[in-house]
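**Q** let's see this in three dimensions:
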Amino acid sequence: MLKNLSSDHIYIVCGHTDMRKSIDGLAAIIQQQYQLDLFSNSAFLFCGRRRNRMKVLLWEDDGFLLLYKRLANGKFNWPRNEQEDRDLTYEQYIWLMQGLSVDQPKAIKMISGGVDIC
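**A** Residues are numbered from 1 along each chain as shown. Now for the predicted structure:
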């Protein structure tokens, strides 16, 4: 799903979301609960209680795009803190799509600033 995602931000809505919600219901969550800009170049990810279904809400220049994915086998490793939204890196998004945690303890961390090499 969205292997070439070109959004500036990928927000994951932690906890579970009622998967019966459509574009308007999901948009209301983003605006009212998290006060995020729906019309930015961002993707908003939602997951159901069973963690085998995901919806992605995107704004394109002329309207919203709603994507739905249901896993045939397995579950997403979805963060459960219901009061949280997180801005994921593309790498964390890929981990999530592969069934891994977005918080990989052994991942190589990026270092800000330069490193001197002798």
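
**Q** could you find the closest non-adjacent residue to residue 17?
**A** Spatially, and ignoring its direct neighbours in sequence, residue 17 is nearest to residue 46 (4.0 Å; C-beta to C-beta, 6 or more residues apart in numbering). Placement of C-beta: from N, CA and C, glycine included.

**Q** meant to ask about residue 74, not that
**A** The spatial neighbour of residue 74 that comes closest, neighbours along the chain excluded (C-beta to C-beta, 6+ apart), is residue 99 at 5.5 Å.

**Q** residues near that neighbour, how many?
**A** When counting by other C-beta atoms under 10 Å, one arrives at 13 neighbours for residue 99.

**Q** kindly report the same for residue 39.
**A** Counted with other C-beta under 10 Å, the burial measure for residue 39 works out to 9 neighbours.

**Q** my read is that it contacts residue 58, right?
**A** No: at 10.6 Å, residue 39 and residue 58 do not qualify as touching, with contact defined as C-beta atoms under 8 Å.

**Q** element containing residue 25, please.
**A** Under the assignment given by DSSP states H and E, the secondary-structure element containing residue 25 is helix 23-28.
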